[in-house]
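Engineer: the sequence isn't on hand, but the structure is:
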């Protein structure tokens, strides 16, 4: 059944997909961070989600970030998120121009908000795990609020790295 | 050799009698009767396994380490029963707050769990294809410089670990993790340069002079500030920049994986300085003064032509004027961001707001103008 | 009293001007014109990935590296163009045969791909369910206490030398870094296992601490490596194999198999280093014998370490009853004989077969053999 981005169901689907790839994520190592995702809509509209990772798992997915201790928040307009997700969906994984690090590097596509540099630095300590988590969206059947869908995959969805 | 045993054991009748007696079945069992705490370490989270945090119990735990170590100069394990006549192994770093950081045990665990092997974890065959010569030349040069940085970053913990008291086991273990992390960076940068078809680039006089100044820090706290906070911040920015500019999965991956390692060192650096200053607040002035006179070194490294010009080229994609202007704009923003994040880390570490006293923001401002 | 760079990069007008111009897109690109050897290295075996052996090409490679490093005293990567003005690293070791070993690049690559994790690669949940009886538990905890005590000497000693080696020997430096990590892992696994038994740590080992001091205070890298990698770790390797044999549980057997892998690599380096030294620096042979004389003195004095010998007896005999102790003595004797013979075998393989005749360690062998005969 198709989910919508942005929505709690979307990130819950990523959580389920991550469980199926446990071996891959455990080889990347301990993944201990809780961060927020903020999708900015028109005006003051925004969708916010918390993603909690512990050991090798996504242990917590929730809506809303208010009042929660977060290491950082990745924030950006819907169009930027869509651009990234379309790229992932088409290619099976983000290409170099659409990786989270690239998109947030100067904050042009997406921005990183944080209160504590220690929390901010977790985005780099766990960079590859975060990227692989987002890349799981290539396997998720989703649509956007206007009913449109990401592009059809051009390449085979990347298998678990052997 | 300079140290000799107290006697020639081959002529030691007492020894031979002891061993003969034992081998006849007369066990002494002196060790059997020691009265050390009978505690049991158990995994708090079985998915995580048995961590050093799980072993932080009673006299065995790192919480039990006092600030000053006055009577433990051997490698006897923390919490074990000491005996007479343990030698002095010559440790010169015996004060906890000179080296410790809250969370260092967890950082060590993270380092182990997040290990990678450049030989097999980077898709080298993707990089072995024909690739744009300008990009390859720039990558080869940038990686040559990063190999120089990594060599020094590997030596820094090696220089000190020998002198640090073995009681600080978890911290020494983290320093070992740093050494292997940087060995990995030496390796991956060299390999990346040598797959390019351009060979290695030019060694950097500026960077090496700067690196030597950092490496020769006189105390461990200064060395940690130098390597982890100052150099680490900019090395992190350098890898991030390369990852952001990558045009292929291989380069993105090698820069991202390296970034992870360096971010861990930065995290230790911030936590170490914080711990150090919490316990030795009088040292704030000295460390700040050390940074005042040492921060210029990151200009020599990240601002060296051997790194900065390749960065501009990678961002530009070509040598035409418009492209170079775009590339330079990227480099200016990159540098400004690196400075800002470094200063944020200094503040988080307890060094206060260095913006007014650091030379780096002044330079970043002149670029923005 | 630290080194100060020849330039204050924030104040030097020429540097600041160049930096500023670069940041405006005005590039000099002098590095592009630096003379260099253009090579393209590729994986010879794709399954192995790109290894240091694949980089052994032309002037970049270790094969072409001369015995004396005369040109590069800086941090410059081997083969990079060396402009004037590079600082002197003050490396103390600039002779290849002081540090090199056949296959050091292979040992390094192996080390990088075979890093295991003491936290997660041991079945801690299973081991938690096992309560060792007092005699076995204490003996095992004591053995583990000894092992965790001594392991990180092989971090401290090589690390001490890492910064003193010429940068051209980076394969060796990298190998040292992997060994430092291996030994931290060993100290960790033995400590964790001791603390997981419920018996905690037991007694420190004074005699072995003096042996550690001997290892720390070697005058040269070659001496340090000989005593550490070949003599000490060689004997420890046999000890790990014996410990696997007498381990009280399957989980402990796995533990010793894992540490054994790392130790074998270190011993391999030690042996190949000694071979290289004897092949290229034969005048060192007598010095090596003198160093081994004292190293073996410490080994023989290890008889005082009852906290090592007696746990072996109890573990191998599986208890403290008289018949267990007798059996334990028999097995432990056999282990010590094997340990000593393997030591001489290694030296012979490295090109020092005469060591057996010169060594007084045979006296220990005789003691053990007599005891075996009497048993």
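Structural biologist: Perfect, thanks for sending it. Treat the numbers as computed from the prediction; the structure is a model and nothing was measured.
Engineer: quick one: the strands in chain A?
Structural biologist: Applying DSSP state E to chain A gives strands spanning A:3-4, A:33-40, A:46-54, A:57-63, A:72-77, A:111-113, A:142-143.
Engineer: I'd like the distance between residue C:150 and residue C:225.
Structural biologist: Here the criterion is C-beta to C-beta, to the nearest Å. By it, residue C:150 lies 17 Å from residue C:225. Every residue, glycine included, has its C-beta placed from N, CA and C.
Engineer: more neighbours: the two, which one.
Structural biologist: residue C:225 (27 against 24; other C-beta atoms under 10 Å in any protein chain shown).
Engineer: burial of residue 149, as a residue count?
Structural biologist: All of this is about chain A. What residue A:149 shows, counting by other C-beta under 10 Å, is a neighbour count of 12.
Engineer: that's the other chain; I wanted chain B
Structural biologist: As a burial measure, residue B:149 scores 28 neighbours (other C-beta under 10 Å).
Engineer: now do residue A:26
Structural biologist: 16.
Engineer: how about the residues of the stretch 251-369 of chain B near chain C?
Structural biologist: Within reach of chain C by C-beta under 8 Å from any C-beta of the partner chain, the stretch 251-369 of chain B has these residues: B:295-297, B:299-300, B:303, B:305-306, B:308-309, B:312-313, B:316, B:319, B:321, B:324-325, B:327-328, B:331-332, B:335, B:359-360, B:363, B:366-367.
Engineer: residues contacting residue 136?
Structural biologist: No chain in the question, so chain A it is. Contacts for residue A:136 (C-beta atoms under 8 Å, 6 or more residues apart in numbering or on different chains) come out as A:14, A:17, A:18, A:21.
Engineer: nope, chain C
Structural biologist: Residues near residue C:136 by C-beta under 8 Å, 6+ apart: C:248, C:314, C:315, C:318, C:319.
Engineer: give me the lowest-pLDDT entry from these.
Structural biologist: In terms of pLDDT, the lowest of the contacts of residue C:136 is residue C:248, showing 87.
Engineer: where does the prediction get shaky in the chain?
Structural biologist: In the absence of a named chain, this looks at chain A. A:155-162 (pLDDT under 70).
Engineer: you looked at the wrong chain, it should be chain C
Structural biologist: Low-confidence segments of chain C (pLDDT under 70): C:1, C:363, C:367-368, C:371-375.
Engineer: so what are the domain limits for it?
Structural biologist: Following automatic domain parsing, chain C resolves into domains at C:13-60, C:96-374.
Engineer: among these, which comes closest to residue B:33?
Structural biologist: domain C:96-374 (9.2 Å; C-beta to C-beta).
Engineer: if you look at the contacts of residue A:136, which of them are in helices?
Structural biologist: Judged by DSSP state H, the contacts of residue A:136 include A:14, A:17, A:18 as members of helices.
Engineer: and of these, the nearest to residue A:137?
Structural biologist: So of the ones in helices among the contacts of residue A:136, ranked by how close each gets to residue A:137 (C-beta to C-beta), first place is residue A:14, at 6.2 Å.
Engineer: burial count for that closest one?
Structural biologist: 21.
Engineer: now it: closest residue in space, sequence neighbours ignored.
Structural biologist: Nearest-residue entry for residue A:14: residue A:136, 5.1 Å, with adjacent residues in sequence omitted and distances by C-beta to C-beta, 6 or more residues apart in numbering or on different chains.
Engineer: so how far is residue C:197 from the one you found?
Structural biologist: Distance, residue A:136 to residue C:197, using C-beta to C-beta: 41 Å.
Engineer: report all helices and strands that the helix or strand containing residue B:181 contacts.
Structural biologist: Per DSSP states H and E: residue B:181 is located in helix B:169-195. Counting contacts by 3 or more C-beta pairs under 8 Å, 6 or more residues apart in numbering or on different chains; DSSP states H and E, helix B:169-195 is packed against helix B:104-113, helix B:118-121, helix B:124-127, helix B:133-161, helix B:249-279, helix C:104-113, helix C:153-162, helix C:170-196.
Engineer: what residue ranges in chain B score low on pLDDT?
Structural biologist: B:1, B:368-369.
Engineer: quick check: domain ranges of it?
Structural biologist: According to automatic domain parsing, the ranges for chain B are B:9-64, B:96-368.
Engineer: the first one near chain A at all?
Structural biologist: Which is domain B:9-64. Yes: counting by C-beta under 8 Å from any C-beta, chain A has neighbours in domain B:9-64: B:45, B:47, B:48.
Engineer: buried stuff in stretch C:8-24?
Structural biologist: If you call a residue buried by 16 or more other C-beta atoms under 10 Å in any protein chain shown, then stretch C:8-24 has these buried ones: C:8, C:9, C:10, C:12, C:15, C:16, C:18, C:19, C:22, C:23, C:24.
Engineer: and that stretch, how far out from the chain middle?
Structural biologist: 45 Å (C-alpha atoms, centre = their mean, to the nearest Å).
Engineer: okay, how far is it across it, tip to tip?
Structural biologist: Stretch C:8-24 has an end-to-end distance of 22 Å (criterion: C-alpha to C-alpha, to the nearest Å).
Engineer: repeat for stretch C:5-19
Structural biologist: Taking C-alpha to C-alpha, stretch C:5-19 runs 17 Å from one end to the other.
Engineer: show me the contact partners of it.
Structural biologist: Residues contacting stretch C:5-19 (C-beta under 8 Å, 6+ apart): B:206, B:209-210, B:212-213, B:295-297, B:299-300, B:303, B:305, B:308, B:359-360, B:363, C:28, C:85, C:87.
Engineer: identify the residues contacting residue 12.
Structural biologist: In the absence of a named chain, this looks at chain A. A:3, A:61.
Engineer: looking at chain B here, not the other one
Structural biologist: residue C:301.
Engineer: let's see 10 Å
Structural biologist: Applying C-beta atoms under 10 Å, 6 or more residues apart in numbering or on different chains to residue B:12 gives the contacts B:5, B:6, B:18, B:19, C:297, C:300, C:301, C:303, C:304.
Engineer: which single one of the contacts of residue A:136 is nearest to chain B?
Structural biologist: residue A:18 (13.8 Å; C-beta to the nearest C-beta).
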